[in-house]
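# The amino acid sequence is not available; the structure is as follows:
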């Protein structure tokens with residue numbers, strides 16, 4: 001049964017004059033009672049259309065579906081407003097769901113659908129589109145002409161309006177929601193009645209966003225594809241704490257919600273966290289009302305396991321507490337909402353509710369008799385402490401749960417604080433013990449944080465370097481290049497690598513090789529530097545003569561290769577042997593074009609020999625700097641190196657006589673940079689959370 005497709009067939013038949021308006025209303029009404037039969041078959045059965053008519057409409061239908069990429073609901077959006085209002089007046093849940101989010105045109109209309117009117121001052125509202133339809137009510141997005149704003153207008157569904165119990169529950173929901181003044185509860189603007197039939201309605205702020213269930217499921221679907229980190233759940237956990245505090249406020253006013261689930265929490269587009277649907281709310285000190293056994297179903301979220309059960313219990317089975325599932329209304333109190341909060345936390349951690357089953361009765365049985373599957377069985381990275389908090393909130397015995405929503409919020413916050421503190425300590429340890437120079441700098445040209453390696457390398461204390469612009473330490477000849485690199489980061493460059501000279505406390509300068517990445521929204525740069533003074537000095541020495549060069553490179557940590565003009569390797573040092581995993585005999589006399597070199601780019605693609613830096617320098621006579629290459633040793637180990645190649649000229653300074661290549665093993669540095677990037681993202685998220693708190 002495809003409601004959207006069947007309705008679209010009827011609409012197209014009406015538009016093609018195959019059906020008249022009365023037939024359209026009658027066939028749609030009839031189809032709601034025989035949904036297993038395609039609407040087109042019913043028209044044939046009634047003799048209202050011929051097989052030829054059906055074929056013609058089917059062609060229109062397929063053309064419409066192709067235009068909208070197979071989305072029948074998108075095709076329905078083009079139907080006229082009269083057609084949409086006619087369908088909205090039909091008393092059918094599936095049709096109501098099909099109409100949700102379909103806009104009406106901007107043409108002036110009265111407030112309500114067919115056979116309905118808002119009287120007196122109520123013409124101030126103009127309905128825009130049906131937003132949602134629930135058990136006894138439905139919500140419209142409406143335009144408040146008096147204030148020139150969009151609002152949510154909730155009214156009783158027409159088929160429920162005749163029952164006094166439904167009207168009483170509707171009014172109770174409006175009054176309870178209106179009396180709960182809290183940022184986490186949508187404010188009610190007006191409670192009124194239509195003049196003609198005296199049916200109640202109320203208006204409230206319209207919150208645009210997604211439900212917490214939608215966000216949690218989407219995150220877990222993405223996590224399964226990309227191996228997401230627990231850090232990414234911080235916003236959802238913060239939203240959960242806000243929900244707990246909202247419910248704690250309601251409890252302080254003597255109100256329990258009784259239908260807490262992710263689908264009743266909206267995360268607004270601008271940071272709002274709002275608990276909706278107080279239709280089952282109850283004042284805790286009020287005697288049990290027998291009418292509470294007469295509850296109508298809410299719209300399905302996950303099959304029928306998310307329905308409010310009629311005549312048996314109050315709430316949504318997939319998220320329902322054991323006392324609710326047993327129909328023990330006398331046991332329902334604040335602990336019941338604590339269980340509902342635990343079910344929401346379970347959904348955040350796993351992407352699904354605590355219980356599911358083939359039908360409502362199976363779900364209710366599981367709620368009463370079984371323990372929920374441990375979150376870590378569904379996602380192994382769930383922290384044990386957070387899992388324990390969740391399972392305690394879901395305890396079968398109410399007294400074993402958290403005693404209040406505030407206590408549950410505090411438990412989650414304490415866990416977050418412990419995690420934040422441990423992460424900070426881990427970052428501090430990493431920052432302190434790293435032999436590389438790690439720093440955080442601002443776009444204002446001041447260091448914000450430095451690790452001890454700076455003092456060990458340059459001699460200045462950390463305090464001395466923090467107190468002056470970092471450009472004041474840069475060699476005058478390198479200031480312009482350093483400024484350009486910083487401007488590149490500020491303009492959008494992801495990561496940069498460059499070299500410059502930094503002044504030491506004794507007045508000398510050291511060459512530093514930098515790798516930096518920007519966090520532009522915070523105007524910060526995260527960078528790692530390495531002292532390459534030895535390499536630079538060695539390269540300079542090489543230019544003055546090969547013999548002198550040989551004596552220097554023997555003790556260098558960087559690998560050195562000397563190539564003749566024909567591209568063959570003439571000599572290498574011990575570091576080259578160590579880094580490449582080859583003996584000198586295996587290296588000498590080979591060329592960059594030797595197919596036995598197995599090298600890759602940073603993205604994992606092959607690194608052809610003709611693009612090796614030494615080959616490029618031999619071909620162009622130009623220097624190549626900081627080329628990153630992954631090289632496989634004979635044992636299959638992948639080593640990452642950074643290569644510089646310098647041309648060697650003959651005595652005339654013009655004739656190219658060969659190439660000298662220097663390269664260093666940067667495998668550890670790449671691991672460090674990756675760890676720094678992860679730490680940076682975590683630090684940024686924690687700072688954002690602190691600012692929002």
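Received the coordinates, thanks. Keep in mind it's a predicted model, so treat the numbers as computed, not measured.
# in the protein, which helix or strand is least confident?
Least confident helix or strand of the chain, by mean pLDDT, DSSP states H and E, is helix 546-553 with a mean of 60.
# Point me to the residue sitting closest to the centre of this protein.
Taking Cα atoms, centre = their mean, the centroid of the chain lies closest to residue 219, which sits 5.5 Å from it.
# Can you list the strands that the helix or strand following the least confident helix or strand of the chain pairs with?
Following helix 546-553 in sequence order, the next helix or strand is strand 559-564 (DSSP states H and E). If you go by DSSP bridges, strand 559-564 pairs up with strand 569-572 (antiparallel), strand 656-665 (antiparallel).
# Now the helix or strand following the longest one: buried residues?
Same thing as strand 656-665. Later in the chain than strand 656-665, the nearest helix or strand by DSSP H and E is helix 667-692. For helix 667-692, burial by neighbour count (16 or more other Cβ atoms under 10 Å) applies to 669, 672, 673, 676, 679, 680, 682, 683, 685, 686. (C-beta placed from N, C-alpha, C; glycine too.)
# so where do the helices sit in the stretch 1-150 of the chain?
Along the stretch 1-150 of the chain, counting by DSSP state H, counting those that start in this stretch, helices occupy 3-15, 21-31, 39-46, 51-67, 72-76, 81-88, 93-99.
# quick one: contacts of the fourth one?
Outside of helix 51-67, the residues within contact range by Cβ atoms under 8 Å, 6 or more residues apart in numbering are 5, 8-9, 12-13, 16, 18, 40, 43-44, 49, 71-72, 75.
# let's see it at 7 Å
Contacts with helix 51-67, where a contact means Cβ atoms under 7 Å, 6 or more residues apart in numbering, come from 8, 9, 12, 13, 16, 18, 40, 44, 72, 75.
# got it, and the first one?
The contact list for helix 3-15, computed with Cβ under 7 Å, 6+ apart, reads 19, 24, 27-28, 31, 38-40, 49, 57, 60-61, 64, 72-73, 75-76, 79, 83, 87, 94-95, 98.
# picking up where we left off before, figure out which of the helices of the stretch 1-150 of the chain is closest to residue 523.
helix 72-76 (42.6 Å; Cβ to Cβ).
# Find the residue closest to residue 187 in space, skipping its chain neighbours.
Closest residue to residue 187 apart from its sequence neighbours, by Cβ to Cβ, 6 or more residues apart in numbering: residue 205 at 5.3 Å.
# Could you do residue 461 as well?
Setting aside the residues directly before and after it, residue 461 is nearest to residue 455 in space (Cβ to Cβ, 6+ apart), at 5.8 Å.
# The one you found: what secondary structure?
Look at residue 455: counting by DSSP: H, G, I helix; E, B strand; the rest coil, its state is helix.
# Before we move on, what's the pLDDT of it?
pLDDT for residue 455: 90.
# Confirm for me that it is in contact with residue 463.
No. Contact criterion Cβ atoms under 7 Å: residue 455 and residue 463 do not qualify, at 9.6 Å.
# Compare the two and say which is more crowded by neighbours.
Between residue 455 and residue 463, counted using other Cβ atoms under 10 Å, residue 455 has the larger neighbour count: 17 against 9.
# Could you check how far that one is from residue 146?
For residue 455, the distance to residue 146 (Cβ to Cβ, to the nearest Å) stands at 67 Å.
# which ones are touching residue 476?
By Cβ under 7 Å, 6+ apart, no residues touch residue 476.
# thought residue 657 was touching residue 566?
No. Residue 657 is beyond contact range of residue 566, at 11.0 Å (criterion: Cβ under 7 Å).
# what about these two, which has more around it?
Shown here are residue 657 and residue 566; by other Cβ under 10 Å, residue 657 has more neighbours (13 against 9).
# Give me the pLDDT for the closest residue to the more buried one other than its chain neighbours.
Distances taken as Cβ to Cβ, 6+ apart put residue 650 closest to residue 657, at 4.6 Å, once the chain neighbours are dropped. Note for residue 650: predicted pLDDT of 86.
# can you check residue 588 too?
pLDDT, residue 588: 92.
# and it, what does it touch?
Contacts of residue 588 (Cβ under 7 Å, 6+ apart): 569, 570, 571, 572.
# Would you mind listing which of those residues are buried?
Among these, the ones that count as buried by 16+ other Cβ under 10 Å are 569, 571, 572.
# In contact with the second one, which residues are there?
Applying Cβ under 7 Å, 6+ apart to residue 571 gives the contacts 562, 588.
# got it, and the first one?
Under the criterion of Cβ under 7 Å, 6+ apart, the contact list for residue 569 reads 561, 563, 587, 588, 589, 590.
# For it, give the beta-bridge partners.
residue 563.
# Which pLDDT value does the model give it?
Residue 569 is given a pLDDT of 94.
# May I have the phi/psi pair for the residue nearest to residue 187?
phi -60, psi 140 (degrees, to the nearest 10).
# same check, this time on residue 629
When read as degrees, to the nearest 10, the backbone of residue 629 gives phi -140, psi 140.
# Am I right that residue 464 is in a strand?
No. With three-state DSSP as the criterion, residue 464 is helix rather than part of a strand.
# With residue 450 as the reference, measure out to it.
Per Cβ to Cβ, residue 464 is found 10 Å from residue 450.
# higher neighbour count, those two?
Applying other Cβ under 10 Å to residue 464 and residue 450 shows that residue 450 carries more neighbours, namely 22 against 14.
# In contact with that one, which residues?
Per Cβ under 7 Å, 6+ apart, neighbours of residue 450: 439, 462, 465, 466.
# please redo it, this time with the cut-off set to 8 Å
Listed by Cβ under 8 Å, 6+ apart, the contact set of residue 450 reads 437, 438, 439, 462, 465, 466.
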